[in-house]
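Asks: make a model of this:
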Amino acid sequence: MVLLWSGLFFLVLGVACVAIDRRAVHVFYDRVPLGLHKFLNATTHLAKAAHWLALAVVAYLVSWGLLATGSTGPMVKLIFQCALAFILALGAGSAVIHTIKLLLSRRRPRDELEMNLYGFIPFGFDLKRNSFPSGHSLTIFCVAVIAACVWPLGAPVWFAIALWLSLTRALLTAHFLSDVFVGAGIGLIASREVLVNWFPSLARGWF
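Replies: Take a look at the predicted model:
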């Protein structure tokens with residue numbers, strides 16, 4: 001139940017951060033030094049969904065092809081299951097966050113910084129107002145959960161990396177803090193539910 005409770009914690013934390021989002025984005029914009037900004041910008045897209053989804057699809061197709069031709073080694077099966085689990089988790093989580101994005105239509109931090117425009121526009125259905133929640137956070141936490149299935153002893157490292165890469169979105173003022181934490185929470189819960197219900201052989205006891 002660790003992943004479920006952690007996901008719920010991030011959701012609550014994200015909602016709480018709405019109260020400080022405007023102040024935080026100005027602090028990050030004014031105080032993140034240029035050198036750190038360059039490093040953040042160079043690493044933040046390691047959490048981009050397109051990269052991981054492409055890798056997962058290739059891994060799935062290759063492993064499926066090997067299984068279809070009679071290769072039944074444990075590594076091939078593991079790659080097949082992990083790739084499919086990630087694709088399903090990312091798909092489920094993405095369905096949730098994109099529904100929220102459309103329904104709540106939150107402005108990006110750049111609107112606050114450049115035009116002093118902030119907030120949600122409920123039922124705005126505006127694809128340009130898509131700040132909340134963060135897709136990068138969702139993606140990289142899905143990756144961390146799958147990595148924890150394969151290398152459980154490294155779980156603290158995978159989740160620490162996921163949290164850092166998620167926070168780069170806020171430090172770069174591409175997202176608000178609440179966007180990041182809610183995206184992380186959805187990623188954890190979506191991944192856990194997919195694994196526990198559809199891939200129990202992969203799920204760890206503490207999930």
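Asks: who does the host helix or strand of L11 touch, helix- and strand-wise?
Replies: Element membership for L11, per DSSP states H and E: helix 2-17. Where contact means 3 or more CB pairs under 8 Å, 6 or more residues apart in numbering; DSSP states H and E, helix 2-17 is packed against helix 177-198. Glycine gets a C-beta too; all of them are placed from N, C-alpha and C.
Asks: what's the host helix or strand of R23 packed up against?
Replies: Per DSSP H and E, R23 falls inside helix 21-31. Packing partners of helix 21-31 (3+ CB pairs under 8 Å, 6+ apart): helix 109-115, helix 155-171, helix 177-198.
Asks: redo that, cut-off 6 Å
Replies: On a contact count with 3 or more CB pairs under 6 Å, 6 or more residues apart in numbering; DSSP states H and E, helix 21-31 meets helix 109-115, helix 177-198.
Asks: off-centre distance for the next helix or strand after the shortest one?
Replies: Spelled out, that is helix 109-115. The helix or strand immediately downstream of helix 109-115 is helix 135-150, counting by DSSP H and E. Mean-position distance between helix 135-150 and its chain equals 7 Å (CA atoms, centre = their mean, to the nearest Å).
Asks: same check, this time on stretch 13-24
Replies: Chain-centre distance of stretch 13-24: 18 Å, with CA atoms, centre = their mean.
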